[in-house]
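Q: Sequence isn't available, so here's the structure alone:
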């Protein structure tokens, strides 16, 4: 009789442990997905206001472009956000607006006028410059008609409007397409 042990085939239920290099590669693989997801979550845009981009800025005037499908309600929400920032911190930097009064010792955003358009051509620098200079009456009137929203903050007052700028006071005839959201004094201690 042969008493030598017979070699047995390895059982399928017995698994060989993963190599250290494989473990490290899996950790890097899943860790990179976690970092990407975390970064996307932390840098996600604010969904409570409509998407916007700064078209141009000259002095205290800022032209903003929003998508064409942006409703008046969404534009009103954006204006209310500007109002909140103006009241609480007067720091429009996180909203991607460069300082409007950089040399003012009282603050970098003491005065600001924000013009909101749905057509990006009206938010471009040459148009804003022509509007502010007042040289071309046709551009000035077109700028006012193309406007979808307006926010202005000064040392003494803030104002918000929806729709084009109308000459003269608001009336029942202009209320269908243009209305003042607020116009009130601000406290000078900010």
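A: Yep, that arrived. Just so you know, these numbers come straight off a predicted model, no measurement behind them.
Q: Tell me which helix or strand comes right after the strand or helix carrying residue 64.
A: According to DSSP states H and E, residue 64 maps onto strand 61-65. The helix or strand immediately downstream of strand 61-65 is helix 72-88, counting by DSSP H and E.
Q: Identify all contacting residues around the following helix or strand past that next one.
A: Using DSSP H and E, the helix or strand that directly follows helix 72-88 along the chain is strand 112-117. Identification of contacts with strand 112-117 by Cβ atoms under 8 Å, 6 or more residues apart in numbering yields 52, 55, 60-66, 75, 78-79, 82, 86, 92, 97, 100, 122-123, 128, 143, 146-153. For the C-beta atoms, the positions are set from N, CA and C on the backbone; glycine is no exception.
Q: thinking again about what came up before, which strands and helices lie in contact with the strand holding residue 64?
A: Secondary-structure packing of strand 61-65 (3 or more Cβ pairs under 8 Å, 6 or more residues apart in numbering; DSSP states H and E): strand 53-58, strand 112-117, helix 125-133.
Q: what is the orientation angle of it with helix 125-133?
A: Using axes from the mean of the first three to the mean of the last three Cα atoms, to 10 degrees, the inter-axis angle of strand 61-65 relative to helix 125-133 is 140 degrees.
Q: For strand 61-65, which strands pair with it and how are they oriented?
A: strand 53-58 (antiparallel), strand 112-117 (parallel) (DSSP bridges).
Q: Same list, the helices and strands packed on strand 61-65, but as a markdown table with mean pLDDT and mean neighbour count please.
A: Below are the helices and strands packed on strand 61-65 laid out as a markdown table (pLDDT from 0 to 100; neighbours: other Cβ atoms under 10 Å):
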| stretch | mean pLDDT | mean neighbour count |
| --- | --- | --- |
| strand 53-58 | 91 | 16 |
| strand 112-117 | 94 | 24 |
| helix 125-133 | 91 | 16 |
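Q: mind giving me TSV with those and columns for distance to residue 104?
A: Shown next, in TSV, are the helices and strands packed on strand 61-65 (distance: least, Cβ to Cβ, whole Å):
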stretch	distance to residue 104
strand 53-58	16
strand 112-117	12
helix 125-133	19
